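> what's the 3D shape of this:
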Amino acid sequence: MNPIQIIPHAADYVRILPELVLSVFGMIIMLIDPLLDDRRSRSLSGALALVGSLVAIIATWMQSQSPGLGFWNMVRVDSFSIFFHFLIASITAIVILMSYEYMSVQEIRGGEYYGLILFGACGMMLMSSAVELVLVFIALEISSISTYVLAGFRRRAAISAESSVKYFLLGSFATGFFLYGVALMFGATGSTTIDAIGNVLRSGHIPVLAYMAIAFMFVGLGFKVAAAPFHIWTPDVYEGAPSPVVAFMSTAPKAAVFAVLLRVLFEANAPGRIWLIWVTAALSMTLGNIGALVQDNVKRLLAYSSIAHAGYLLVAFAALPENGIPAAMFYTAAYAFTNIGAFAVVSHFGGAGERRVTMEDYAGLGKRSPLLAATLTLFLLSLIGIPMTAGFFAKFYVFSAAIKANLVGLTVIGFLNSAIAAYYYLRIIVVMYMREERDDSPVAPVPFALGMALALSLFATMYLGILPGRMLDYASSSVSDLVAPAMQTMPVQGIAQVH
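I've put the predicted structure just below:
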């Protein structure tokens, strides 16, 4: 073999530039951490991690100037992957900002923590641009291993260690399902490249093995997004993990996995996807909201809420590509910023040892800290889907896409579940403003870094609720990038089958 053929082109490195940036900053943090004391480790490592995430955003913009395939057609840079790169990098930066106070209050050393966040974000970004299933698996493992460790970072709390072990054991099974699905898909189509798989599945007879492969891969990815019936781990892990980590793992990994799901389901034209998604979406919405109704712990309530929101988002996956893909992308961004903001408030209010996490602890918060209570209220209203917030248009676009695809039954289930969800979100607001405080101790002032995290999350939540058009237009333009590569090489009979 000619050696020149195996050397990547310079443009290939541009197409993974954000991942390279995060990896380099993560390694620098891990190298200097042993040389620092605990206080300097928290401050310097956090500053380096924040700079790394911001540089990754700049690198994503540079990457957008060089679209195309890279590394032997295993990575594709297009408007679709750029969207998720910006989203994951933004989530990472906000989580790092909200971690400054948490690490100091909980007296946790910062080096490994910030390094793992950057490594995890690197894997998530790579997932969103990978178009080869083995590379998706590698990126998924990079992301998963980081979050397994981060979930148990409150080392002195037994519940945190329990959440980490449970997440690791169940996550390992889910990863095994996904890998077995990749192997079955290779047996069915002779390839692990998404474009090639799509061509085979559109060419005529679909082998039974392909249905099995999609089912196995969906189990593995469904676990990562906490979709029912693969959601059992979520409440316990969210309750035990550090609040900033929960904010991270409930948004960034989900965005990355949903990007993979969109590629597998639409670009590869996965067989049997409609009924599979229909059932999972209905179960996720219903079980998530019913579970949240009986929760007294706010972190567990938001955990069940995340299961329900995974169901809402999956409704868009069952719709037609031209409507479903933009709706799913918009919903992912809207939910990410709203959920991060809610967990930022929970993280600050919890205090040392995360003692104040029950519903009664929030009684009278409207009097003790009016600004903090008002901020949390806006995030909760967005999760409900009240107009002027991101959550309203997110649900509106998802249900509109479902209606246009004649998924009336699934849309009705979604509307009913949205009404149920309004109860437990409003319950928190009622407790904050209409109950006498049980503990009249003052709430700690919000430090600058956390204030920035809350301000950015709130700005994004309100901006997407007032001016959603620009992001939706960008998401709509991504449909052609996602679907066109496969359509261009689709045989005539395959096109007839799609329509």
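> show me the strands in this structure, by range?
With DSSP state E as the criterion, the chain has strands at 68-70, 75-77.
> okay if I get those as JSON lines plus distance to Phe258 and mean pLDDT?
No exception for glycine: its C-beta is placed from N, CA and C like everyone else's. Shown next, in JSON lines, are these (distance: least, C-beta to C-beta, whole Å; pLDDT from 0 to 100):
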{"stretch": "strand 68-70", "distance to Phe258": "22", "mean pLDDT": "89"}
{"stretch": "strand 75-77", "distance to Phe258": "17", "mean pLDDT": "93"}
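> can you give me how far the top helix by length along the chain is from the chain middle?
Taking DSSP state H as the criterion, the chain has its longest helix at helix 158-189. For helix 158-189, the distance from its own C-alpha centre to the chain's C-alpha centre is 17 Å (C-alpha atoms, centre = their mean, to the nearest Å).
> okay, buried residues for that helix please.
For helix 158-189, burial by neighbour count (16 or more other C-beta atoms under 10 Å) applies to 160-164, 166-168, 170-171, 174-175, 177-182, 184-186, 188-189.
> rewinding a little: ranking the strands of the chain by burial, who's on top?
strand 75-77 (a mean of 23; mean count of other C-beta atoms under 10 Å).
> that strand - contacts with which helices or strands?
strand 68-70, helix 111-129 (3 or more C-beta pairs under 8 Å, 6 or more residues apart in numbering; DSSP states H and E).
> rerun at 10 Å
helix 10-14, helix 38-64, strand 68-70, helix 111-129, helix 469-488 (3 or more C-beta pairs under 10 Å, 6 or more residues apart in numbering; DSSP states H and E).
> which residues touch the residue nearest to Ala247 when sequence neighbours are not counted?
Excluding the flanking residues, the one nearest Ala247 by C-beta to C-beta, 6 or more residues apart in numbering is Phe343, at 3.6 Å. For Phe343, the contacting residues are 95, 98, 238, 242-248, 250-251, 298-299, 302, 350, 379, 453, 457, taking C-beta atoms under 10 Å, 6 or more residues apart in numbering as the criterion.
> distance-wise, check Phe343 relative to Pro321.
Remark: distance between Phe343 and Pro321 (C-beta to C-beta, to the nearest Å) = 32 Å.
> ditto for Met62
Distance from Met62 to Pro321, by C-beta to C-beta: 29 Å.
> looking at the two, which one has more neighbours?
Pro321 (21 against 12; other C-beta atoms under 10 Å).
> ok now stretch 107-116, how far from the chain's centre?
21 Å.
> for stretch 302-318, same thing?
On C-alpha atoms, centre = their mean, the centre of stretch 302-318 falls 11 Å from the chain's centre.
> tell me what Asn297 is bridged to.
Counting by DSSP bridges, Asn297 forms beta bridges with Thr358.
> and it, what is it in contact with?
Pro235, Tyr238, Glu239, Ala303, Val357, Thr358, Met359, Asp361.
> mind doing that once more with 7 Å?
For Asn297, the contacting residues are Glu239, Val357, Thr358, by C-beta atoms under 7 Å, 6 or more residues apart in numbering.
> can I get those residues in JSON lines including distance to Ile57 and pLDDT?
JSON lines is the format used below for these (distance: C-beta to C-beta, whole Å; pLDDT from 0 to 100):
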{"residue": "Glu239", "distance to Ile57": "32", "pLDDT": "92"}
{"residue": "Val357", "distance to Ile57": "32", "pLDDT": "89"}
{"residue": "Thr358", "distance to Ile57": "37", "pLDDT": "90"}
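> just among the residues you listed, which is most surrounded?
Glu239 (22 neighbours).
> quick one: that residue and Ala374, what's the gap?
Distance from Glu239 to Ala374, by C-beta to C-beta: 26 Å.
> just Met388 next, same as before
In terms of C-beta to C-beta, Met388 sits 14 Å off from Ala374.
> and if you look at Gly353?
Taken as C-beta to C-beta, the span from Gly353 to Ala374 is 26 Å.
> check Ala460 too.
Taking C-beta to C-beta, one finds Ala460 at 17 Å from Ala374.
> neighbour count for those two, which is higher?
Shown here are Ala460 and Ala374; by other C-beta under 10 Å, Ala460 has more neighbours (21 against 14).
> Asp473: neighbour count?
If we define neighbours as other C-beta under 10 Å, then Asp473 has 11 of them.
> I misspoke; the intended subject was Pro67.
15.
> OK, contacts around the residue nearest to Pro468 when sequence neighbours are not counted?
Of all residues beyond its chain neighbours, the one nearest Pro468 is Phe393 (4.4 Å), with distances taken as C-beta to C-beta, 6+ apart. Shown in contact with Phe393 (C-beta under 7 Å, 6+ apart): Leu464, Gly465, Pro468.
> rebuild the residues you listed as TSV, extending it with pLDDT, neighbour count and distance to Leu276.
As requested, the contacts of Phe393 are exported to TSV (pLDDT from 0 to 100; neighbours: other C-beta atoms under 10 Å; distance: C-beta to C-beta, whole Å):
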residue	pLDDT	neighbour count	distance to Leu276
Leu464	96	24	29
Gly465	96	23	31
Pro468	94	20	29
